[in-house]
Every structure is written in structure tokens, then in C-alpha cells.
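Enquirer: Can you look at this prediction? I've put the sequence above it.
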Amino acid sequence: MNILIIGTGYVGTTTALVFAEMGWKVTGLDTELRKIENLRQGLLYFYEPGLDEMLIKHTGSGRLQFTTDKAKAIRDNDVIFICVGTPSRPDGSADLRYVQQVAEDIGEHMNGYKLIVNKSTVPVGTQERVTDWVREAQVHPHPYDVASNPEFLREGKALEDALHPERIVIGADSDHASGLLQQLYASINCPVIVTSPRTAELIKYASNAFLAAKISFVNELARLCDPLEVNIKEVALGMGLDSRIGPKFLQAGIGYGGSCFPKDVAALLLTAQELNVRLQVLQHVVDVNQTQYLYLLDKVRNRLGTLAHKKIALFGLAFKPDTDDIREAPAVRIIQTLLQEEAEVRICDPVAQLPAELKVSSVAFSTSPEEVLDGADAVLLCTEWPMFRDLDWTRLKDRMSRPNLFDGRNFLDAGRMTELGFYYEGIGYK
Ligand SMILES: NC(=O)C1=CN([C@@H]2O[C@H](COP(=O)(O)OP(=O)(O)OC[C@H]3O[C@@H](n4cnc5c(N)ncnc54)[C@H](O)[C@@H]3O)[C@@H](O)[C@H]2O)C=CC1
Ligand SMILES: O=C(O)[C@H]1O[C@H](OP(=O)(O)OP(=O)(O)OC[C@H]2O[C@@H](n3ccc(=O)[nH]c3=O)[C@H](O)[C@@H]2O)[C@H](O)[C@@H](O)[C@@H]1O
């Protein structure tokens, strides 16, 4: 079986590499020539640890190729994975225009049986819509199946997650389709759940929503920990040792960001709203998350008074470490608020870049922590990049005008920072 991956972003590129690693012959297709040209030369155009070495390996192995020629790519491959973006529309619903375009392209160019597999995160019922879009675009009535195979990888850990998933979910209407997919994944050792496409689609949203809920739960609890003078990290540790709760995703901070949790939670809420079902817990998950970065800023204001003309340094811009992705990053919201309040902002991140709208005179960017701390009234840690833990904080303190340290990720050792002479505040942690 030859595999075509349509959409060579985070998910598509990773999926293509993992299938090549398993020994399959894979083609990656994208509409953006720049991306394809880079990938062809073995150059990863985004930051994702480990993926670059794998790309070089497989551009040389002969098992992986990249193209923009959709007609030929669709004709030449039996299994086609859809890995295009499904961004939020202004009302929060998932925008399926890229999925529809791909479905129509497949319908138009298919020349025999195709297994079409949707890996993009899409609302329940999309498998049926893709089936219709393909049929309506068909020139000849070739047979095909449409299956759902949601992806659970994390950015920053994409390769590890895709090579060693905790489960594979296959949503298919026919034994033939689910059988082919199980064959493709045969060399991966993990539980495989075969279910209906609608269930598979909901498993994906439910998983992201639950993880988001865990984060908002612990964040809200951290707000209570502050006046109670209780350490949220110890509370989370004590809770997490209960195997029914688990230790992961209980790290309090300035809230979740990224290209998925905010968008997917919004899409699930919209699905429920359209069906007149109130998902009250999930609505509150969003409310807590949207105010969590403001909670950190309240702490800064309580300490510094007005933020106008204060020099505020941010350590970290990316929505989490090990990625250059700044989509929905809490740091970006913090910067926007600081600018509204006329603060002077300096940012340090080892890989993420400042977006065009923040390239203004009152914002300075550097990859050097020393530079951004010069004369600062406060530093706000927004992303837990390991490099921030290993800094010479004693020396850094002397560069600051006032040694105020607000740790939005509870990443540094509060006791040690206080000993070094910092005024230190985390989220539910001092
Ligand atoms: N980024 C992540 O960590 C994860 C993302 N997902 C889901 O996977 C999907 C893809 O996400 P990402 O890879 O992050 O998106 P992305 O934005 O990085 O990549 C999407 C790619 O599709 C291409 N594309 C758009 N229309 C096309 C077309 N008609 N033909 C060919 N290529 C086309 C774009 O040029 C882009 O390169 C989304 O639904 C997302 O929610 C699921 C799990 C993890
Ligand atoms: O659907 C998706 O795209 C993916 O979304 C998330 O992956 P990702 O967004 O890459 O990153 P996470 O590691 O989940 O972190 C998301 C956000 O939550 C925050 N977070 C995470 C964990 C925690 O304990 N506390 C916390 O604030 C992170 O800082 C980050 O801003 C899920 O973890 C993946 O399983 C899923 O496939």
C-alpha cells in the first residue's frame, strides 16, 4: 500500500515520517510550494525536536517524497490521509474548508478504490460529509471508504508520541477499511480501538476537552491556594498519586494555549449548543482559562502599582517549551495587555519569534536573558524552557532594577529564588 499524506504541517509531516519509518512508501502533498521545497531538501520549516533527523533519514531512504502535484499524488496512492488544518471560525465552530477542498480533489482525481482517512480534528459527522463531498466531485463512480483516525500527538513530543502512541483509534464503517488501517499500524504496539467514525471523532474532542478541564481545575484551585497559603504543587502531587486522578496535566500556571485546546474546546461547545445541550463544566473550563493570565498580571500590579512605563521582561513566548508555536500562547495575551497599559516589554525565547503585530517600538525581543533583564522592574516566566532553570540567577538579579520574579509556570524553586533575594510569586505557589 502506498500512502499519501495531504497537508504537511505538524501532524502531516510527523505522520509521513512515522509511516516511512515503519517501512511504507509515503508521499507528502501540500499546496504551499515553499514547504514542499524545504521538505524535499530535508529541511524542517518548523521547530520540532527529533523530526529533522528523521526527515533527513527518509528523504534519503527513498521511501518518502514530497509534491504539490495533487492529481498525480491522488492517482498513485491507495491510502490517503487528510491532515489539513481545521481552524476556528469567528463563532468557534471548526472551519472545514480545507477538508472539503481535499475531499473534492480526491473525488475529482481518483482512478480506483481509495481508503480516505481523516486525521484532522473534525466535528462529529464530518466523515459523512467527506463521503458526500468526494461523491459529488467524482468524475467516475470509483469505490472508496472514508475512515476517521484522530491524532493525539503533542507538539514538542510529536515524534515520540506518534511512534509510541498510547492508543490508536479507528473509526470505520466497513471491515475492509478498518482492516487496512490496522495493517498499516501493525508494527505499533498499543491498544487499538475500532469504532464508528462518529465515536472516533468524539473521542478526539472529548480527550482534548478533558485535558483542558484538568488544567482549568488545577488553575482554579491554585487561586484558592494563594489566600490559604497552601502550595498547589504539593496538592497536585498528593492528588496525582491516586491512580484514578493521575499526576499529568495538573501543573498550575497561566493557562493552556496552542493551536488545539482552545479551538477544539470551542468547537465542542458549539456542537453542543447547536443540539441544545449545555456543557456547563466545559464552558467554565474556558472561562477559567481566559482569565488565568490576568491572574498573573493582577499579582504584578499588586506589587508594582501601575504598569505604565514599567520595564517588564517576559521569559518565554511559545505556548509551551520545545516548540516555536505561539498560536493562542498566554504570553502573547500578556504582552497585549501590558502594551495596553503602556508598559515597556522585553521578551526572551530561544526559538519562538515575535508575531508581526507585536513588532512595535515598545516591544524588544532577544534570545539573550541578560539583555531583556537590564533595568527590568519585573520578570514574568511564561514558558518553562529548561534554559530558564539553568541560568545564573544571582548575576541576573543584579541587572534588574527591581528583582521581582513572577513565575507563571511554577517552574523555578520558590525557596531558592527567595534566598537569592528575589521577590518570588508563582500561581498558588510561593
Ligand atoms: N498540531 C498538533 O499538535 C495537532 C493537530 N491536530 C489536528 O490536525 C490537523 C492539522 O494540524 P496541524 O498539522 O497543526 O496544521 P498545520 O497548519 O501545521 O498544517 C496543515 C497543512 O495543510 C496544508 N493544506 C491546507 N489545505 C490544503 C490542501 N487543500 N491540500 C494540501 N495541503 C493543504 C497547509 O498548507 C498546511 O501545511 C488539525 O485539525 C489539528 O487540530 C491533531 C493532533 C495534534
Ligand atoms: O489535539 C492536539 O493538537 C493536541 O493537543 C494537545 O497537545 P499540545 O497542544 O501540543 O500541547 P500540551 O502539552 O497538551 O499543552 C497544551 C497547553 O496546556 C498547558 N498545560 C499543560 C499541562 C499542564 O499540566 N498544565 C498546562 O498549563 C501547556 O502549557 C500548553 O499551553 C494534547 O496534549 C495532544 O494530545 C493533542 O493531540
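Expert: All right, it came through fine. Ligands and ions are numbered 1, 2, ... in the order given.

Enquirer: what comes up buried for stretch 51-64?
Expert: Of the residues in stretch 51-64, 51, 54-55, 58-59, 63-64 count as buried by neighbour count, 16 or more other C-beta atoms under 10 Å. (C-beta placed from N, C-alpha, C; glycine too.)

Enquirer: ok, and does that stretch reach over to ligand 2?
Expert: No. Using C-beta under 6 Å from any ligand atom, we find that stretch 51-64 stays clear of ligand 2, coming within 13.5 Å at best.

Enquirer: Just checking the distance from that stretch to the centre of its chain.
Expert: Mean-position distance between stretch 51-64 and its chain equals 24 Å (C-alpha atoms, centre = their mean, to the nearest Å).

Enquirer: Sort the buried residues of stretch 51-64 by pLDDT and name the bottom one.
Expert: Within these, T59 has the lowest pLDDT, namely 91.

Enquirer: Strands along the protein, start to end?
Expert: Assigned by DSSP state E, the strands in the chain fall at 2-6, 25-29, 64-67, 79-82, 114-118, 144-148, 168-171, 192-195, 311-315, 344-348, 363-366, 378-381, 404-407, 423-425.

Enquirer: how about these in CSV, adding distance to I36?
Expert: Below are the strands of the chain laid out as CSV (distance: least, C-beta to C-beta, whole Å):
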stretch, distance to I36
strand 2-6, 12
strand 25-29, 7
strand 64-67, 5
strand 79-82, 16
strand 114-118, 21
strand 144-148, 25
strand 168-171, 28
strand 192-195, 32
strand 311-315, 34
strand 344-348, 32
strand 363-366, 29
strand 378-381, 37
strand 404-407, 41
strand 423-425, 47
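
Enquirer: Name all residues that make contact with the residue located most distally from the centre of the chain.
Expert: Ranked by distance from the centre of the chain (C-alpha atoms, centre = their mean), the top residue is H140, with 38.8 Å. Neighbouring residues of H140 by C-beta atoms under 8 Å, 6 or more residues apart in numbering: 110-111.

Enquirer: Could you measure from it over to P386?
Expert: 55 Å (C-beta to C-beta, to the nearest Å).

Enquirer: Quick one: residues contacting the nearest residue to G246 once chain neighbours are set aside.
Expert: The shortest distance from G246 to any non-neighbouring residue, by C-beta to C-beta, 6 or more residues apart in numbering, is to G240 (5.9 Å). With contact set as C-beta under 8 Å, 6+ apart, G240 has these partners: 246-248, 250.

Enquirer: mind redoing it with 6 Å?
Expert: Contacts for G240 (C-beta atoms under 6 Å, 6 or more residues apart in numbering) come out as 246-247, 250.

Enquirer: one step back: how near is the residue farthest from the centre of the chain to ligand 1?
Expert: Distance of H140 to ligand 1, given as C-beta to the nearest ligand atom, to the nearest Å: 21 Å.

Enquirer: Would you quantify the distance from that residue to ligand 2?
Expert: Counting by C-beta to the nearest ligand atom, the gap from H140 to ligand 2 is 36 Å.

Enquirer: and if you look at K204?
Expert: Counting by C-beta to the nearest ligand atom, the gap from K204 to ligand 2 is 7 Å.

Enquirer: is it true that R333 touches Y295?
Expert: No. The criterion here is C-beta atoms under 6 Å, and R333 misses it with Y295 at 11.9 Å.

Enquirer: So which bits of the stretch 101-250 of the chain are right by ligand 1?
Expert: By C-beta under 6 Å from any ligand atom, the residues of the stretch 101-250 of the chain that approach ligand 1 are 101-102, 120-121, 151, 153, 155.

Enquirer: any idea which of those has the most stuff around it?
Expert: V102 (28 neighbours; other C-beta atoms under 10 Å).

Enquirer: Next one, pLDDT for it please.
Expert: Looking at V102, its pLDDT reads 98.

Enquirer: Numbering from 823 from now on, please.
Expert: All set: I'll call the first residue 823, so the last point we hit is now V924.

Enquirer: which stretches of the stretch 1123-1252 of the chain form helices?
Expert: Per DSSP state H, counting those that start in this stretch, the stretch 1123-1252 of the chain carries helices over the ranges 1152-1162, 1191-1195, 1208-1211, 1215-1221, 1236-1241.
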